[in-house]
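J.: Provide a 3D model corresponding to the input given below.
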Amino acid sequence: MATYHINLEGDVLRVKFGKPADGDQIVQDAAARLDELIASGDLGGGRLLKIDGPASLPVCYLIAHKVSHLYAAIAVFDPKIGREGYKTYIVATTHTPAYKLGELIETDEVQNNKPNIKVVLCGPPQSGKSCLREGLKQAISSIEGAPYPYTITACPDGEGTWFSEAAGRDPELARQLKNAYKAKFTPEFAKKAAGWVRSANTRLNIIDVGGKITEENLLIMREATHAVILARDASKVSEWKDVCESLRLDVIAIIHSDYQGHADEIKTESPLLTGSIHYLERGEAISTREMVQALAKKLVSLVK
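T.: Sure, this is the predicted structure:
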């Protein structure tokens, strides 16, 4: 099984991750597949190429390098914009007046005909939500047949999906970049983030929100369908549970973030996943931990 899959269907290049691997191997496999498609004439160039599917930043650069000179314009699918339920693409490169840079191309292609799950990770600050988000993403990606876990960072804390891997390699650089990207949680940002969640059309979406119960957070959370509550302080769980219930979110897990712990503990699995997860620290590999694996399987089961 390749680490990255690329196939052409009409004028759409379908891309997705395969078996788990480091970024360098994924880029090499993606390059080999693109060269194969170009050599066979399948990627022979034309007026417009649409690209649909998840890609790492290095793979995005690779694809652009390989095909941008072959097509007059290239548009990339964005699940956060466009008509609900239908795919919309953004023109990212263009060499023709027929397409403007940044132009939206709406299609009649249905995004999916299966459940559209939007799970918000919520709870008090400093509970490890961003760490859990990245661990979940890796754990779900390792489950055969699982949908791609699309993540939305719905808080302007500067800690995007890139942060965990960066912190594992260079904690100081990651901290400096986070501080540079950090912004205030304004009503304008909340409205924009709520729009991202509302328009998210992928099958499994994971939303990381701020750690305070504010009007801005509520605006974002009400666009979700399910919730996972993560808290270091057990006394704070009830207020977050009340918020989720008031927004009619289906709470599927309540997890104690045990920073001083040495092992995970699962107390119940159904209907509510409960227990603890230990030492959620930036840069730590947590995808194989017992609680992360259990939560990943529960999320995947929601879309099957």
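
J.: can you name the element that comes right after the lengthiest helix in the chain?
T.: For the chain, the longest helix by residue count, based on DSSP state H, is helix 23-40. Using DSSP states H and E, the helix or strand that directly follows helix 23-40 along the chain is strand 46-52.

J.: which is the next helix or strand following that next one?
T.: Next element after strand 46-52 (DSSP H and E): helix 57-67.

J.: that next one packs against which elements?
T.: strand 12-17, helix 23-40 (3 or more Cβ pairs under 8 Å, 6 or more residues apart in numbering; DSSP states H and E). C-beta: built from backbone N, CA, C; applies to glycine.

J.: please save the CA atoms from the shortest one in PDB.
T.: Looking back up the chat, that one is strand 12-17. The C-alpha trace of strand 12-17 is given here as PDB (Å, rounded to 0.1, in the frame of the first residue of the first chain):
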ATOM      1  CA  VAL A  12     -10.300  16.200 -11.000                       C
ATOM      2  CA  LEU A  13      -7.100  14.900  -9.500                       C
ATOM      3  CA  ARG A  14      -8.100  12.900  -6.400                       C
ATOM      4  CA  VAL A  15      -5.500  12.700  -3.700                       C
ATOM      5  CA  LYS A  16      -5.400  11.100  -0.300                       C
ATOM      6  CA  PHE A  17      -3.000   9.700   2.300                       C
END
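
J.: what sits up against it?
T.: 3-8, 26, 30, 43, 49-55, 59, 63, 67, 141, 148 (Cβ atoms under 8 Å, 6 or more residues apart in numbering).

J.: enumerate every residue touching Q126.
T.: 211, 232.

J.: ok, it to E84 distance?
T.: 35 Å (Cβ to Cβ, to the nearest Å).

J.: then L8?
T.: L8 is 27 Å from E84, by Cβ to Cβ.

J.: picking that back up, report the buried members of the contacts of strand 12-17.
T.: 3-4, 6, 26, 30, 43, 49-55, 59, 63, 67, 141, 148 (16 or more other Cβ atoms under 10 Å).

J.: could you double-check that I38 lies in contact with K66?
T.: Yes - contact status for I38 versus K66: in contact at 7.0 Å, counting by Cβ atoms under 8 Å.

J.: the two - which one has more neighbours?
T.: K66 (18 against 15; other Cβ atoms under 10 Å).

J.: next one: the host helix or strand of S301 to chain centre, how far?
T.: Assessed by DSSP H and E, S301 sits inside helix 290-302. Computed by Cα atoms, centre = their mean, to the nearest Å, the chain-centroid distance of helix 290-302 equals 15 Å.

J.: that helix: which residues count as buried?
T.: 291-296, 298-300, 302.

J.: as CSV, the residues you listed with distance to A231 and pLDDT would be great.
T.: Converted to CSV, the buried residues of helix 290-302 look like this (distance: Cβ to Cβ, whole Å; pLDDT from 0 to 100):
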residue, distance to A231, pLDDT
M291, 14, 98
V292, 16, 98
Q293, 20, 98
A294, 17, 98
L295, 15, 98
A296, 20, 98
K298, 18, 97
L299, 19, 97
V300, 24, 96
L302, 22, 93
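
J.: among the residues you listed, which two are most distant?
T.: Using Cβ to Cβ, the buried residues of helix 290-302 reach their maximum pairwise distance at M291 and L302, which is 17.0 Å.

J.: which stretches of the protein form strands?
T.: Here the chain has its strands, by DSSP state E, at 4-9, 12-17, 46-52, 71-77, 86-94, 104-110, 117-122, 149-154, 204-209, 226-231, 250-258, 265-268, 273-278.

J.: counting by contacts, list what the helix holding S301 packs against.
T.: strand 117-122, helix 129-141, strand 204-209, strand 250-258, strand 265-268, strand 273-278.

J.: excluding chain neighbours, give the residue nearest to the residue nearest to the spatial centre of the chain in space.
T.: The geometric centre of the chain, computed from its C-alpha atoms, lies nearest to T151 (Cα atoms, centre = their mean), at 2.0 Å. Ranked by Cβ to Cβ, 6 or more residues apart in numbering and with sequence neighbours excluded, the top spatial neighbour of T151 is I206, at 4.8 Å.

J.: ok, the one you found to V120 distance?
T.: 8 Å.

J.: the more surrounded of those two?
T.: V120 (29 against 26).

J.: so for the more buried one, what's the pLDDT?
T.: pLDDT for V120: 98.

J.: same check, this time on I152
T.: I152 carries a pLDDT value of 94.

J.: in the sheet, who's paired with it?
T.: Taking DSSP bridges as the rule, I152 bridges to I207.

J.: appreciated, that's everything.
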